[in-house]
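S.K.: My questions concern the predicted model and sequence given below.
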Amino acid sequence: MSSLPIISLAGLRSDDPAQRQATAAELGRACREVGFFYVTDHGIPDVKCKDAFALAKELFGLPGEDKEALSIKRSPHNRGYVAMADEKLNPESGADMKEAFNIGTDFPEDHPDVLAGKPFRGVNFWPSIEGWRRRALDYFDHCVELGRTIHRGFSLDLGLDEGFFSQHLTQPIATLRMLRYPPSADTIEREDGGAGAHTDYGNVTILATDEVAGLEVLNRQGEWIQAPHVPGAFVCNIGDCLMRWSNDTYVSTPHRVRPPEQERYSIAFFLEVNPDSIVDPRDVVPSETPKYQPITCADYLASRLDATYDHRQPE
């Protein structure tokens, strides 16, 4: 495969079960064969996407001391600012030359889960930019709904009740991550110097890209293929948690970001399920011998994040 499939999600919103099933089959084929796909007719207005990129530029344009005050090193819940070279998605290759900012589900400080110190149930850090929080959370909420729609397609394709995953997405672990990559002249010379080759950890990633090239996907033939910007579309991919849950029916795929020739922005939305949901292959493919033991989503995600950051605080 030399390019990624483009799938219209309009069928998943149809009243016709046959149309929903047909779109689900397209998603399932992509999840089995390459683990990556574009989605169109996704329901997120273009103006919302453009505003999200404007927010990212406002955030990363702040003085260094203002960004460091929001550092992810102060959060045990994977929220806040990641400085240049602080992250190693592929530890064997060295540090990634990018900066990032993570936003999770927005809980107030007095929320019971926050007070109890539950994993991934902390407060967000916010820049002192008027209106920034409101606009960011608006885009966040749109992405959650899109993720739920895609999961309905997964349920149908896997032969489950259409609402199987819905019960696990009532208060999911979700992370909106804004990313900025400096021009290649400012990075180390490494093919994956923007972001090291890796697979994502959760269920599904919904990625908005600008028009600057960089993202590459490893196809089943062992070749790195480009995932160029497609106007009006998101790039989506399967994460390791869904691969585990589906007993390897769906396969997560290594990908990387090459150092771009000019400054590059992207906005990733990582959707997991509820932290206490049990990820058990027997629930999804009961006819097969499970390859993985049951585990909560929170425990699985914490185990994967621990190796990613330098000086990370314990979960």
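M.R.: Okay, I see it.
S.K.: Residue 57 - how many residues pack around it?
M.R.: 12 (other Cβ atoms under 10 Å). In short, each C-beta sits where N, CA and C put it, glycine included.
S.K.: do you know how far the nearest residue to it once chain neighbours are set aside is from residue 23?
M.R.: Spatial nearest neighbour of residue 57, chain neighbours left out: residue 265 (6.9 Å); criterion: Cβ to Cβ, 6 or more residues apart in numbering. Per Cβ to Cβ, to the nearest Å, residue 265 is found 30 Å from residue 23.
S.K.: the more surrounded of the two?
M.R.: Each of residue 265 and residue 23 has its neighbours counted (other Cβ under 10 Å); residue 23 has more, 23 against 20.
S.K.: Can you classify the closest residue to the more buried one other than its chain neighbours as helix, strand or coil?
M.R.: Leaving aside its chain neighbours, residue 23 sits nearest to residue 11 (3.3 Å; criterion: Cβ to Cβ, 6+ apart). Put simply, residue 11 is helix when judged by DSSP: H, G, I helix; E, B strand; the rest coil.
S.K.: What is the neighbour count of residue 11?
M.R.: Residue 11 has 20 neighbouring residues, counting by other Cβ under 10 Å.
S.K.: What of residue 128?
M.R.: Other residues lying near residue 128 total 9 when counted by other Cβ under 10 Å.
S.K.: hang on, it packs against residue 69?
M.R.: No. In this structure, residue 128 is not within contact of residue 69 by Cβ atoms under 8 Å, at 9.3 Å.
S.K.: Next, show the common contact partners of these two.
M.R.: Common contacts of residue 128 and residue 69, defined by Cβ atoms under 8 Å, 6 or more residues apart in numbering, are absent altogether.
S.K.: Distance from the helix or strand of the chain with the lowest mean pLDDT to the middle of the chain?
M.R.: Within the chain, judged by mean pLDDT, DSSP states H and E, the helix or strand with the poorest mean is strand 195-198; its value is a mean of 74. How far strand 195-198 lies from its chain's middle: 14 Å, per Cα atoms, centre = their mean, to the nearest Å.
S.K.: partner strands of it, parallel or antiparallel?
M.R.: For strand 195-198, the pairing partners within the sheet under DSSP bridges are strand 255-257 (antiparallel).
S.K.: Paired strands for the next helix or strand after the partner strand, with orientation please.
M.R.: Sequence order places strand 264-271 as the next helix or strand after strand 255-257, per DSSP states H and E. Applying DSSP bridges to the sheet, strand 264-271 is found paired with strand 174-181 (antiparallel), strand 204-209 (antiparallel).
S.K.: Now mean neighbour count and mean pLDDT too, for the ones you listed, in a markdown table please.
M.R.: Shown next, in a markdown table, are those (neighbours: other Cβ atoms under 10 Å; pLDDT from 0 to 100):
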| stretch | mean neighbour count | mean pLDDT |
| --- | --- | --- |
| strand 174-181 | 23 | 95 |
| strand 204-209 | 23 | 96 |
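S.K.: Of all those strands, which one is nearest residue 105?
M.R.: Nearest to residue 105, of all the strands paired with strand 264-271, is strand 174-181, at 5.6 Å by Cβ to Cβ.
S.K.: contacting residues around the closest one?
M.R.: Contacts of strand 174-181 (Cβ under 8 Å, 6+ apart): 52, 55-56, 59-60, 78-79, 97-105, 136, 139-140, 143-144, 147, 187, 194-195, 214, 257, 259-260, 263-272.
S.K.: please redo it, this time with the cut-off set to 7 Å
M.R.: 56, 59-60, 78, 97-105, 136, 140, 143-144, 194, 214, 257, 260, 263-272 (Cβ atoms under 7 Å, 6 or more residues apart in numbering).
S.K.: Now restrict those residues to buried residues only.
M.R.: By neighbour count, with 16 or more other Cβ atoms under 10 Å, the contacts of strand 174-181 hold 56, 59-60, 78, 97-105, 136, 140, 143-144, 194, 214, 257, 260, 264-272 as buried.
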